[in-house]
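Colleague: With the input below, show me the fold.
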Amino acid sequence: MKSLALALACSVCMFTPAHAGSGTIAAVNDDHADLFVSIWDLNTADNKLVWDKHRLNDGQQENLAVELDGDRKAKIKWTSVRTDGDPPPAKTEPSVGVNEGDSFYVNTF
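Modeller: As a prediction, this is how the structure comes out:
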């Protein structure tokens, strides 16, 4: 019975991503307009909202703190919409992997 419990515990460890702690990544506005950006940290148990309609001006880059997995990679979801309300409509990227210290690009196209 003990060996079965140990085997089950080991199998859970193999399929559960390890968390390496917190780190920093950078969001870059790759659109031709100012954006409101929302970002969720998918490495947290509750998919923590990191930015809630945070303004990121055209061409601007800004760092944000996130949780990293065992490979020191952030996993995020983001949504962006133009501040002026002009088309194109909002865009969502449901799952983006970003290495610690790297940038990712947000836009509406």
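
Colleague: how many neighbours does residue 45 have?
Modeller: Residues near residue 45, counting by other CB atoms under 10 Å, number 7. Every residue, glycine included, has its C-beta placed from N, CA and C.

Colleague: so it, which of the three states?
Modeller: Look at residue 45: counting by DSSP: H, G, I helix; E, B strand; the rest coil, its state is coil.

Colleague: how close does it get to residue 93?
Modeller: Using CB to CB, to the nearest Å, we find residue 45 at a distance of 21 Å from residue 93.

Colleague: same check, this time on residue 65
Modeller: As judged by CB to CB, residue 65 and residue 93 stand 19 Å apart.

Colleague: and the two? which has more neighbours close in?
Modeller: Shown here are residue 65 and residue 93; by other CB under 10 Å, residue 93 has more neighbours (15 against 11).

Colleague: and that one, what is it in contact with?
Modeller: 77-79, 106 (CB atoms under 8 Å, 6 or more residues apart in numbering).

Colleague: Next SSE downstream of the helix or strand of the chain with the lowest mean pLDDT?
Modeller: Lowest by mean pLDDT, DSSP states H and E among the helices and strands of the chain is helix 2-15, with a mean of 51. Sequence-wise, the next helix or strand downstream of helix 2-15 (DSSP states H and E) is strand 19-29.
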